[in-house]
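Participant: What follows is a predicted protein model with its sequence.
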2 protein chains.
Amino acid sequence: MNSETKNQTPPKSQRVLNSTNSIIGDLLKLAGQADIISFAGGLPSPKSFPIKEVEKATQTVLEKEGALALQYSSTVGEKPLIDQIGKYINSKGVPAQADEIQIVSGSQQALDLLGMAYIDKGSLVAVESPSYLGAIQAFDLYEPKYIEIPTDEHGLNPDLIGPEFKNIRFAYVITTFQNPTGLTLSVERRKKLAEKAREYDFWIIDDNPYGELYYDQEPPPSMRLYAPERTISLGTFSKVLAPGFRLGYVVGPKEAIAPLTQLKQAVDLNTSTFTQLITAQIMEDGLMTTHLPAVREIYKTQCEYMLKAMDQYFPKEGVTWTKPDGGMFIWVTLPESINTDELMKEAVARKVAFVPGSAFYTVGKEKYNSMRLSFVTVPPAKIEEGIKTLGELLKEKLGQ
Amino acid sequence: MNSETKNQTPPKSQRVLNSTNSIIGDLLKLAGQADIISFAGGLPSPKSFPIKEVEKATQTVLEKEGALALQYSSTVGEKPLIDQIGKYINSKGVPAQADEIQIVSGSQQALDLLGMAYIDKGSLVAVESPSYLGAIQAFDLYEPKYIEIPTDEHGLNPDLIGPEFKNIRFAYVITTFQNPTGLTLSVERRKKLAEKAREYDFWIIDDNPYGELYYDQEPPPSMRLYAPERTISLGTFSKVLAPGFRLGYVVGPKEAIAPLTQLKQAVDLNTSTFTQLITAQIMEDGLMTTHLPAVREIYKTQCEYMLKAMDQYFPKEGVTWTKPDGGMFIWVTLPESINTDELMKEAVARKVAFVPGSAFYTVGKEKYNSMRLSFVTVPPAKIEEGIKTLGELLKEKLGQ
């Protein structure tokens, strides 16, 4: 009997053969190494997790409706959570009926479902330049072609959207505290983007994981306010409650949500009933008003801390960076002589990590002189140490 | 300003345009209607849920490692859970190293990832005839062609596997308390299936959600025992603990698991850390030995109850059904004059539901004279009432 197989796996699909190893995965691994100061990962500060509130809500849910919480859920999601999300969105002045909301297993799953529902091989998809690398990875599985939406120091520039957008499947945007730039689109540009979407008849996917993480002033609401008939918006509990729950939601016209529900049935049946009902209970207990100010304060302080360290330690000439009003990221632009893919290796050798800018571009990878720094995971004392190390490395490279 | 869009959704992908509405989804909706006695859904009995144990384990986890439990997890899964699963599988005499295990968001997600990793459009995939409809739906998204593995009253028949299996991507089988038939493959047939897999060099995916739900005698172990070098096996906590956790696992040679990890990164980053750590704690607390006997007893009793009612109320001539030794399902074969797709409508009008047999076939839908009955969700008194109604309807149809 021949117990050897010629192949170590079943025959692989083209999509696996075409795909490269995940950058996010490698980054999370790096971020997990104890001796690396990682500005790469986007892991929320554990200080922000409401452990006691979760414990209390879990107890309430198990005692009140334990059998329900441990059973399968419907594919759209649990009504108490959908109702709470609807109320929350309405409180921002944005429309959302119960049948316009689909619960997902983290907003990363929303990206996968949107790709599956609305991208064929070769379809045109518009993304900001730069954009969230996790979205690009999710869409890549469905083999689109990308159009980049040009951005400047105020975020995406709707004036530069032309007739080439007529044939896109959708424009994927992060209008608030963008990943990776940290920039927020003004109300004026939001309105202009809505006009352009109507003019060229395209759909907008507005991914909004960071909107509640503002430092002083609440940012403008989702594109759903400005173009409700053609916007699908994404939300998540990962940044305001706990990423370990894997809980997000998609909001849009019900006809545009229906295909996502149908596909979700096939890909994971439903999202955890248990974490859905606990989260509904936490929202009912008033988390959004009581817990969020403390989270915002943590991130504001850490952001200020990093910006101060950058002022102190980064080279002065030819190096610029964004000053976000919220969120988790600072975007650094370096002189063109520096390739951050290469710089990353030297930085890691000195026990500091960041995400090289090239990871956030779709059309060519020619933009090598940028990097994303996250200030939310690393404690303040380590922020200074890491920025100092990175600043010294940059000064050496630039001869400053 | 034109605020109307021509389209109510973004342009749909071919896979959405090709797909029909989900039968499982419709069934879960029916099962949820209060006045229907549903033998259709496969919802575990809520009586089997260890609510107190979950409450205790949650408290322990939040107090011991709350910040960890609420944070992102690595994509492969949490080490404490992987270690517990490894130990559990080894206790069955089946090999499983830590790096051969991938945690998934319910075993439905494993089916999606396997399809994504190992099916291209037009690839050949072998499934039992009949097979689990949720697997067929998951694979369908990747547009394979199917070969059916013939089954008889003892389950799949490996003697009928010939050289046409040389070019398949994999054979998807449920060897124990099969869905939908309830049949279990003998050790002899398992060995023969392993031989055929070696002879024709194909991979086996052995889906095993029901193995622990045996009534008297423990069934033979997974195909991993008989062909470890070419078997990927699937497990889940949905039937032994709680479907609301959405927690399953894939076990196989590490090279065959790696593409699943890579894809999972893009589709949902990771499975809930919270439910993973709670489940690891519950396993450490000894759930598998203390809780399962009670679950088995519930299902054994309900199965006996249904079989007894069928003996009493079902027509005698030309109607046969399986007598499972475990699991959740009875498979009924009717005279060929009866089309159960049609019968379903009349049954629902009389407030009883089942799954028409055609849902479980891939190659043609010609096998209309069968149905799947689940005895696990409906309480005993309602089982008798529902079977009586169904028996009367069948007798009318058959003139008995």
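Facilitator: Received, thanks.
Participant: residues from the stretch 101-250 of chain A in reach of chain B?
Facilitator: A:105-106, A:108-109, A:112, A:116-120, A:123, A:134, A:137-138, A:140-142, A:169-170, A:195, A:198, A:201, A:203, A:229-230, A:232, A:238, A:241-246 (CB under 8 Å from any CB of the partner chain). Using the backbone N, CA and C atoms, a C-beta is placed for each residue, glycine as well.
Participant: ok, which stretches of the stretch 101-250 of chain A are helices?
Facilitator: Counting by DSSP state H, counting those that start in this stretch, the segments of the stretch 101-250 of chain A that form helices are A:107-118, A:133-140, A:187-199.
Participant: Can you check which of those gets nearest to A:G42?
Facilitator: A:G42 lies closest, by CB to CB, to one member of the helices of the stretch 101-250 of chain A: helix A:133-140, at 8.9 Å.
Participant: what residues does that closest one touch?
Facilitator: A:19, A:22-24, A:108, A:111-112, A:114-115, A:119, A:125, A:127, A:146, A:172, A:180, A:207, A:355, A:359-360, A:362, B:265-267, B:269 (CB atoms under 8 Å, 6 or more residues apart in numbering or on different chains).
Participant: Just the mean pLDDT for it, thanks.
Facilitator: Average pLDDT, helix A:133-140: 94.
Participant: Stretch A:98-111 too?
Facilitator: 97.
Participant: Buried residues of that stretch, list them for me.
Facilitator: Using 16 or more other CB atoms under 10 Å in any protein chain shown as the test for burial, stretch A:98-111 gives A:100-111.
Participant: Next: stretch A:274-292.
Facilitator: A:274-283, A:285, A:287-288, A:291-292.
Participant: per-residue confidence averaged over that stretch?
Facilitator: Here stretch A:274-292 scores 93 as its mean pLDDT.
Participant: Figure out how far it is from the centre of its chain.
Facilitator: 21 Å (CA atoms, centre = their mean, to the nearest Å).
Participant: Can you tell me how far A:I168 is from A:Q14?
Facilitator: 24 Å (CB to CB, to the nearest Å).
Participant: Show me which positions of stretch A:53-69 end up buried.
Facilitator: Quick answer for stretch A:53-69 (16+ other CB under 10 Å): A:53-55, A:57-58, A:60-62, A:65-66, A:68-69.
Participant: ok, and the closest non-adjacent residue to A:M116?
Facilitator: Residue nearest to A:M116 in three dimensions, not counting chain neighbours: A:L263, with 5.2 Å by CB to CB, 6 or more residues apart in numbering or on different chains.
Participant: tilt between the helix or strand hosting that neighbour and helix B:107-118?
Facilitator: Assigned by DSSP states H and E, A:L263 belongs to helix A:254-268. Going by axes from the mean of the first three to the mean of the last three CA atoms, to 10 degrees, helix A:254-268 is angled at 90 degrees with respect to helix B:107-118.
Participant: name the helices or strands packed onto helix A:254-268?
Facilitator: strand A:101-104, helix A:107-118, strand A:248-251, helix B:14-18, helix B:23-32, helix B:107-118, helix B:133-140 (3 or more CB pairs under 8 Å, 6 or more residues apart in numbering or on different chains; DSSP states H and E).
Participant: Determine which of those approaches A:G327 most closely.
Facilitator: It's helix A:107-118; of the helices and strands packed on helix A:254-268, that one is closest to A:G327 (CB to CB) at 14.6 Å.
Participant: related to what we said a few turns ago, of the buried residues of stretch A:53-69, which pair is most distant in space?
Facilitator: Using CB to CB, the buried residues of stretch A:53-69 reach their maximum pairwise distance at A:E53 and A:L68, which is 20.6 Å.
Participant: any idea how far A:K323 lies from A:L156?
Facilitator: 18 Å.
Participant: The two: which is more packed in?
Facilitator: Higher neighbour count among A:K323 and A:L156: A:L156, with 29 against 11, using other CB atoms under 10 Å in any protein chain shown.
Participant: which residues in chain A form strands?
Facilitator: For chain A, the strands defined by DSSP state E cover A:37-38, A:101-104, A:124-129, A:145-152, A:155-156, A:168-173, A:204-207, A:231-236, A:248-251, A:320-321, A:329-333, A:352-353, A:355-356, A:370-374.
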